[in-house]
Structures are given as structure tokens and as C-alpha cells.
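*Asks:* No letters, just coordinates:
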């Protein structure tokens with residue numbers, strides 16, 4: 001049986017207020033007793049989404065690091 005981990009109200013406030021513009025690593029610093037899967041699962045349960053600005057900046061950074069295909073386009 002899967003073990004249930006409960007979220008305190010202050011932890012819920014942190015994920016609600018920070019999820020849309022924060023990376024998983026940043027969220028883990030704010031919520032050290034959680035893991036990436038629990039963050040993702042709770043965000044999904046709360047219907048939280050990343051902002052367009054966060055997703056765009058993250059994609060550009062990953063392209064610069066060579067972690068995302070750029071389809072032959074140069075990224076500066």
C-alpha cells in the first residue's frame with residue numbers, strides 16, 4: 001500500500017504562490033520535506049500551471065545548454 005504524505009496549510013500556500021514561476025529545484029528549497037514527484041502530483045491536483053514566461057525562459061535556457069533540440073536554429 002502506498003504511504004500517504006499530507007501537506008500542511010503553509011506548504012500548500014508555498015506551492016500555490018510559487019509553482020507557476022519556480023523551477024522544481026527552487027520549490028524543493030522552499031519545501032525540503034517534499035520530492036519532485038509529490039510537487040508535480042500536488043500541482044496537478046490543485047490544477048496549477050507554469051506561466052508562459054516561465055516555460056519560454058526555461059526552453060531558451062535548455063536550448064542554450066544543448067538539452068533541447070533547436071531544429072537547426074541558432075540561439076543567442
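*Replies:* Great, that's in hand. Remember, predicted model here, so these are calculated numbers, not experimental data.
*Asks:* From now on I want contacts and neighbour counts done on CA atoms only, so please keep to that.
*Replies:* OK.
*Asks:* which residues of the protein score low on pLDDT?
*Replies:* The model of the chain has pLDDT under 70 over residues 1-4, 63, 67-76.
*Asks:* 90 - rerun?
*Replies:* Along the chain, the model assigns pLDDT under 90 to residues 1-6, 20-24, 50-76.
*Asks:* so where do the helices sit in it?
*Replies:* Using DSSP state H, the helices of the chain run over 9-18, 24-30, 36-45, 52-64.
*Asks:* The third one versus helix 9-18: what angle between them?
*Replies:* When axes from the mean of the first three to the mean of the last three Cα atoms, to 10 degrees is applied, the directions of helix 36-45 and helix 9-18 differ by 70 degrees.
*Asks:* Take the helices of the chain and write them to CSV, including mean neighbour count.
*Replies:* Listed next are those as CSV, based on neighbours: other Cα atoms under 10 Å:
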stretch, mean neighbour count
helix 9-18, 14
helix 24-30, 14
helix 36-45, 13
helix 52-64, 14
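*Asks:* And for residue 34, the neighbour number?
*Replies:* Using other Cα atoms under 10 Å, residue 34 has 15 neighbouring residues.
*Asks:* how close does the closest residue in space to it that isn't next to it in sequence sit to residue 11?
*Replies:* Sequence neighbours aside, residue 28 is the residue nearest to residue 34 in space, at 6.7 Å (criterion: Cα to Cα, 6 or more residues apart in numbering). Computed with Cα to Cα, to the nearest Å, the distance linking residue 28 and residue 11 is 11 Å.
*Asks:* Over to residue 54?
*Replies:* Distance from residue 54 to residue 11, by Cα to Cα: 21 Å.
*Asks:* how about residue 22, phi and psi?
*Replies:* phi -120, psi 150 (degrees, to the nearest 10).
*Asks:* how near is it to residue 62?
*Replies:* To residue 62, residue 22 is 15 Å away according to Cα to Cα.
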